[in-house]
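Novice: Quick one, what's the 3D model for this:
(4 chains)
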Protein chains: 2
Amino acid sequence: MTAQTNDPGDEPFLKVLRPLVETYSAFMRKDDRHIRTLGLTQAQFDVIVTLGDTEGLRCKQISEKTLVTKGTLTGVLDRLETKGLIERVPCDKDRRSIITRLTDRGVECFERVFPAHIAYIKPFFERGLSPAEMVTLRALLLKLKKSFETT
Amino acid sequence: MTAQTNDPGDEPFLKVLRPLVETYSAFMRKDDRHIRTLGLTQAQFDVIVTLGDTEGLRCKQISEKTLVTKGTLTGVLDRLETKGLIERVPCDKDRRSIITRLTDRGVECFERVFPAHIAYIKPFFERGLSPAEMVTLRALLLKLKKSFETT
DNA sequence: TATTGTTATACTCTATAACTATA
DNA sequence: TATAGTTATAGAGTATAACAATA
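Specialist: You can find the predicted model right below:
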C-alpha cells in the first residue's frame, strides 16, 4: 500500500455510505429498543403503523409498504393475530385476497404506541438538527433514494 | 381529523426520519442482493470487511465494530470458519481471548469481494449526488448520528 | 395463465442467560 | 469479582419454491 493507492476504501462516496449506515444504525438501536419495550418487534410495529388510520389492507399492499416479502408476512400477521391486534377478513371484490385490519385492541395499541414512539424519537432529531438542516437533509436523502430506485 | 391536528404523523422531523429509513432501505436492497450473489450474508460480509487489512481481532473488537452481540458473533464466526474464510488462534497476551483472522482464502475473498461490492454500489451514489452534495449530506448525517449517540 | 396468499423447508440472526476459563 | 468467549434456548425474520383458490 503506497500513499497513492487504489485501495477501494479510499473511494469518496464511502464518506457518505458509512455515515448513512452508521447514522441509521445509531437511530435503529434507539428505535428498536424502544419498540421492544412496547412489546412488539420492528416488523410487527411496521405492520401496525401501516394499518393505522386505514380501513384494512390486502397482504400485497402491506408487503409493498413494509418491504416484507409475502412468505414472511404470513408469519408476522400470524403472530399479530395471536396477540389479538389484527384480524383477517375475506375480500368481497377479489376472493383471492384477504383484508387485514386492526382489531379494536389493535387500534388501541396503535394509538398508544405510535405517539409514544414518535415522542421518544423526536428529541434526537430536534437536538441534532436545525429546521433548515432537516430540510436540506431530507432533500439530499430523497435524491439518493431516487438513485437507488432507478434501475 | 381537522386541518389543524395533533396527529403525530404530522411531526416535521418525520420528514427526515422517513427519508432516512427509506433511503437506507433502498440502499440495503441493492447492497444485500449483491452481497448474496457473492455467497455471503450481511453479517458475514461485515465481519470479512472488518477483518480485512488487519492482523486479526478479538471477538470483543469485532462485536463492537459490527454491532453484532457476542452470542450471535460466535455463530457467525462458526459459519465463516466452516467456509474456511477465517481461523481462530489463541491470544498470547490474554488467554481468555481468541484472535480471529482471515485465512489465505479469506484474504482472497476479501480482496475479490470488497472491491467488487464497492464498484457495484458506487454508481448509485455518484449518479444521485454531486461531490458538494456528498459533503453536505455526510456532515448532516454525522450531526444526526452524534445526537443519537448522546445519551 | 397469472395472481393472492399460505405452506414448507432450511438457514441466519436475535435476545437472553447460564457457563468456562481465565484475569 | 469481572471479563472473554461459548453454549443453550426460544423466537423471529429470510429466501425460495411449491401449492390451492381464484381471476
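Novice: residues in chain A within reach of DNA strand D, list them.
Specialist: Applying Cβ under 7 Å from any atom of the strand, we find that chain A lies next to DNA strand D at A:41-44, A:68-72, A:75-76, A:79, A:94-96. Just so you know, the C-beta spots here come from the backbone N, C-alpha and C atoms, and that holds for glycine as well.
Novice: need the strands for chain A, in chain order.
Specialist: Using DSSP state E, the strands assigned to chain A run over residues A:57-58, A:86-90, A:98-102.
Novice: who touches A:Leu67 in this structure?
Specialist: B:25, B:29 (Cβ atoms under 8 Å, 6 or more residues apart in numbering or on different chains).
Novice: Mind telling me which residue is nearest the centre of chain A?
Specialist: A:Asp46 (5.4 Å; Cα atoms, centre = their mean).
Novice: count of neighbours near the closest residue to it other than its chain neighbours?
Specialist: Of all residues not flanking A:Asp46 in the chain, A:Thr66 sits nearest, at 4.5 Å (Cβ to Cβ, 6 or more residues apart in numbering or on different chains). Neighbourhood size, A:Thr66 [other Cβ atoms under 10 Å in any protein chain shown]: 20.
Novice: mind giving me a markdown table with the strands of chain A and columns for distance to B:Thr150, mean pLDDT and mean neighbour count?
Specialist: Compiled in a markdown table, these are given as follows (distance: least, Cβ to Cβ, whole Å; pLDDT from 0 to 100; neighbours: other Cβ atoms under 10 Å in any protein chain shown):
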| stretch | distance to B:Thr150 | mean pLDDT | mean neighbour count |
| --- | --- | --- | --- |
| strand A:57-58 | 38 | 98 | 18 |
| strand A:86-90 | 37 | 97 | 15 |
| strand A:98-102 | 35 | 98 | 20 |
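Novice: so which of these gets nearest DNA strand C?
Specialist: strand A:57-58 (3.2 Å; Cβ to the nearest atom of the strand).
Novice: Keep only those of the residues of chain A next to DNA strand D that are in helices.
Specialist: Using DSSP state H, the members of those that fall in helices are A:42-44, A:70-72, A:75-76, A:79.
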